[in-house]
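Undergrad: Only the shape, not the letters, is given here:
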């Protein structure tokens, strides 16, 4: 038989190591993996600290870094990514302190790994990874439903308020438009900016979105259509305006209906199910800048 190369062997080794690094004997769920025991108890904070420390050490083994097996992304990174993502946004809602914040300076190698995934692998940050809002909403829904029929969470369990940075994390070197341009370069079906991509999503799904708007916000079909068109126009112009100009438009010139529609659509948006993180971030930014909606969603 042919000898397995060292590179292939290290990738396989790091994929296998995953199960030994993350907490054992936990309840298997995609919504909040490794957070709870089979009986509904919360996994001790110390278990997660050990996981983060060991992950940091695994990443430091290859000095050429910043990925799990050196300076190139491999199947090992792809296998670990979905779980490190959830860790980064869900742990701070269950436990207090930076020692359980995967993106904090406590874990420099993990921080560099996230930065490399977001900047050097454009398809990851533009279409594959989930965002803070999505993973925390999924955890909140899981807790609100009290787990499921198989196990019950402790009666006094409550999530902590959301904290920490939005995605992408390491903003010191992150330029969303540059990363998006790299992603869109050989994809003619992708819009030229994240804002336009978000606008295209709204246009493609306008029939269902308008139907939902009419039911939830009690607008007429005509009002919903006009408000949605206005929202799309603002998103399309985002990249051509500086921050101050954009803030002026959002805070004083956008109509009440468009603000309400933006807030409603954003509350339903999930990344990456509906949109990648960067296009979704344009709508989330707009909603965070705009005055609060006049209508409280049911």
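TA: Great, that's in hand. Predicted, not measured: the structure shown is a model, and the values here were computed from it.

Undergrad: Measure how buried residue 245 is and give me the count.
TA: 11 (other CB atoms under 10 Å). The C-beta positions use only the backbone N, C-alpha and C, and glycine is treated the same way.

Undergrad: element containing it?
TA: Assigned by DSSP states H and E, residue 245 belongs to helix 243-248.

Undergrad: how about that helix: buried residues?
TA: residue 246 (16 or more other CB atoms under 10 Å).

Undergrad: which other residues reach it?
TA: 237, 238, 289 (CB atoms under 8 Å, 6 or more residues apart in numbering).

Undergrad: and after it, which helix or strand comes next?
TA: helix 256-268.

Undergrad: same question for that following helix, mean pLDDT?
TA: For helix 256-268, the per-residue pLDDT values average out at 94.

Undergrad: Flag every buried residue along the following helix or strand past it.
TA: Using DSSP H and E, the helix or strand that follows helix 256-268 in sequence is helix 277-289. Within helix 277-289, the residues that count as buried by 16+ other CB under 10 Å are 277, 278, 279, 280, 281, 282, 283, 284, 285, 286, 287.

Undergrad: As JSON lines, those with distance to residue 228 and pLDDT would be great.
TA: Conversion of the buried residues of helix 277-289 to JSON lines gives the following (distance: CB to CB, whole Å; pLDDT from 0 to 100):
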{"residue": "277", "distance to residue 228": "22", "pLDDT": "93"}
{"residue": "278", "distance to residue 228": "21", "pLDDT": "93"}
{"residue": "279", "distance to residue 228": "16", "pLDDT": "94"}
{"residue": "280", "distance to residue 228": "17", "pLDDT": "94"}
{"residue": "281", "distance to residue 228": "19", "pLDDT": "91"}
{"residue": "282", "distance to residue 228": "15", "pLDDT": "91"}
{"residue": "283", "distance to residue 228": "12", "pLDDT": "94"}
{"residue": "284", "distance to residue 228": "17", "pLDDT": "92"}
{"residue": "285", "distance to residue 228": "18", "pLDDT": "89"}
{"residue": "286", "distance to residue 228": "13", "pLDDT": "90"}
{"residue": "287", "distance to residue 228": "14", "pLDDT": "91"}
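
Undergrad: so where's the stretch 1-150 of the chain shaky on pLDDT?
TA: For the stretch 1-150 of the chain, the stretches with pLDDT under 70 are 1-6, 146-150.

Undergrad: How much space separates the spatially most central residue of the chain from residue 138?
TA: Centroid-nearest residue in the chain, with CA atoms, centre = their mean: residue 131, separated by 0.9 Å. From residue 131 across to residue 138, the span is 11 Å (CB to CB, to the nearest Å).

Undergrad: For residue 137, which residues are in contact?
TA: Taking CB under 8 Å, 6+ apart, we find residue 137 in contact with residue 270.

Undergrad: What are the boundaries of the helices in the stretch 1-150 of the chain?
TA: Ranges of helices in the stretch 1-150 of the chain, per DSSP state H, counting those that start in this stretch, are 6-21, 45-60, 75-94, 108-120, 122-123, 132-144.

Undergrad: can you tell me the average pLDDT over the helix holding residue 245?
TA: Mean predicted confidence for helix 243-248 is 74.

Undergrad: Can you give the distance of it from its chain's centre?
TA: A distance of 25 Å separates the centroid of the chain from that of helix 243-248, by CA atoms, centre = their mean, to the nearest Å.

Undergrad: Begin at 347 from now on, thanks
TA: Yep, numbering from 347; the last one is helix 589-594 now.

Undergrad: before we move on, back to that, touching, the residue nearest to the centre of the chain and residue 626? I think so.
TA: Yes: counting by CB atoms under 8 Å, residue 477 touches residue 626, with 6.1 Å between them.
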